[in-house]
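*Asks:* structural data only, the sequence is not supplied:
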């Protein structure tokens, strides 16, 4: 009986020594995170909203890439909508004053749309690879209605997967905190689920490296082997655009998922020093910021990769600019048009030339 009491005392002492209530000091990151998330929200929301409007209203051509890009823009919009809550949280000295349910909704919707964006970028890379190699045996994947079905299944699976995390309440005494480091010793199923998500990312990343890498290298080789070929310069330019997409994907997502492996392992480990937890928590916040940056870079990707999107966007800007200029000229005095007519017409002509050059 004495041995049993002694063992129980030692076990209780070990539990008390575990840094379960370790204080996470993120005061040095609080203001930078709030400022960057604010900028990401402004640029990401405006850029993706403009892209979504172009896809739905000004670019009626229906194909598989357009379906994927519409869903990608929608996922990015839903992601950046979550950022103001993070901004308010960091500006409020990392204090969550809203209901805890809203904290779980914001956190999980953020991650859900991030991984939907990752999956869609993977589908786009496969789609472009199959089109580039004219894979007739997989032509079904390139059809718009199949792309719509794939996107519908992706959204349904993502919502079903994230719902348990939102509905399930946690026994957390720190109700004033949100987005904080959490131990998962008693909920290891969450850790294993997160490991599966990380593994899926690396599979998608491998698909992007293979598809865009092969496309880029083949185009560069073709442009070098046949420099006198009419489309040699265009092949070289398209190749570097493919490398740009791969570069942005690597910068935004690869660091986060590399750190994520050690982050999840520390959540599962029974004994982790408080100092190590703080280092992993701060590192996770920084690399997560890079992941959110991708929502601002996706509209740039739309403009670079799709020549039809560039033509439609530039033409729309030209029409709006020229119309406003004509209205200003008509409403102005007789002396002002002599000064104003030179610059606006020149700009409009330059934009129209750009839309003709882009193919």
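*Replies:* Perfect, thanks for sending it. From a predicted model like this one, the values you see are computed outputs, not experimental measurements.
*Asks:* and the helices in this structure?
*Replies:* 2-17, 27-53, 64-81, 83-91, 100-132, 144-167, 188-225, 232-268, 274-305, 307-331, 337-340, 342-357 (DSSP state H).
*Asks:* where in the stretch 151-300 of the chain is pLDDT low?
*Replies:* 169-175, 223, 225-238 (pLDDT under 70).
*Asks:* redo that, cut-off 50
*Replies:* Scanning the stretch 151-300 of the chain for pLDDT under 50 picks out nothing.
*Asks:* swap in the stretch 1-150 of the chain?
*Replies:* In the stretch 1-150 of the chain, residues with pLDDT under 50: 1-19, 136-137.
*Asks:* of the helices of the chain, flag the one that's most buried.
*Replies:* Of all those, helix 64-81 carries the top mean neighbour count, a mean of 23, counting by mean count of other CB atoms under 10 Å. Every C-beta, even on glycine, is put in place using the N, C-alpha and C of the backbone.
*Asks:* ok, residues contacting that helix?
*Replies:* With contact meaning CB atoms under 8 Å, 6 or more residues apart in numbering, helix 64-81 is reached by 40-41, 44-45, 48-49, 51-52, 55-56, 59, 109-110, 113-114, 116-117, 120-121, 123-124, 127-128, 141-144, 146-148, 151, 154-155, 292, 294-295, 298-299, 302, 306.
*Asks:* what does stretch 85-93 give?
*Replies:* Under CB under 8 Å, 6+ apart, the answer for stretch 85-93 is 27, 30-31, 33-34, 37-38, 41, 95-96, 98, 102, 106, 110, 178-179.
*Asks:* wait, doesn't residue 178 sit right on residue 101?
*Replies:* No: judged on CB atoms under 8 Å, residue 178 makes no contact with residue 101 at a distance of 11.1 Å.
*Asks:* what sits against the closest residue to residue 250 other than its chain neighbours?
*Replies:* Among residues not flanking residue 250 along the chain, residue 205 sits closest, at 7.8 Å (CB to CB, 6 or more residues apart in numbering). Applying CB under 8 Å, 6+ apart, one finds that residue 205 lies in contact with 249, 250, 253, 254, 257.
*Asks:* tell me the one among those residues nearest to residue 282.
*Replies:* residue 257 (17.1 Å; CB to CB).
*Asks:* show me this structure divided up by domain.
*Replies:* Recorded structural domains for the chain (assignment: automatic domain parsing) are 24-305, 307-359.
*Asks:* backbone dihedrals for residue 99, please?
*Replies:* phi -60, psi 150 (degrees, to the nearest 10).
*Asks:* what about it, neighbour count?
*Replies:* 10 (other CB atoms under 10 Å).
*Asks:* and it, how far from residue 91?
*Replies:* 19 Å (CB to CB, to the nearest Å).
*Asks:* repeat for residue 184
*Replies:* Taken as CB to CB, the span from residue 184 to residue 91 is 28 Å.
*Asks:* now do residue 105
*Replies:* Distance from residue 105 to residue 91, by CB to CB: 20 Å.
*Asks:* what do you get for residue 241?
*Replies:* From residue 241 over to residue 91 (counting by CB to CB), the distance is 38 Å.
*Asks:* over to residue 122?
*Replies:* For residue 122, the distance to residue 91 - CB to CB - is 35 Å.
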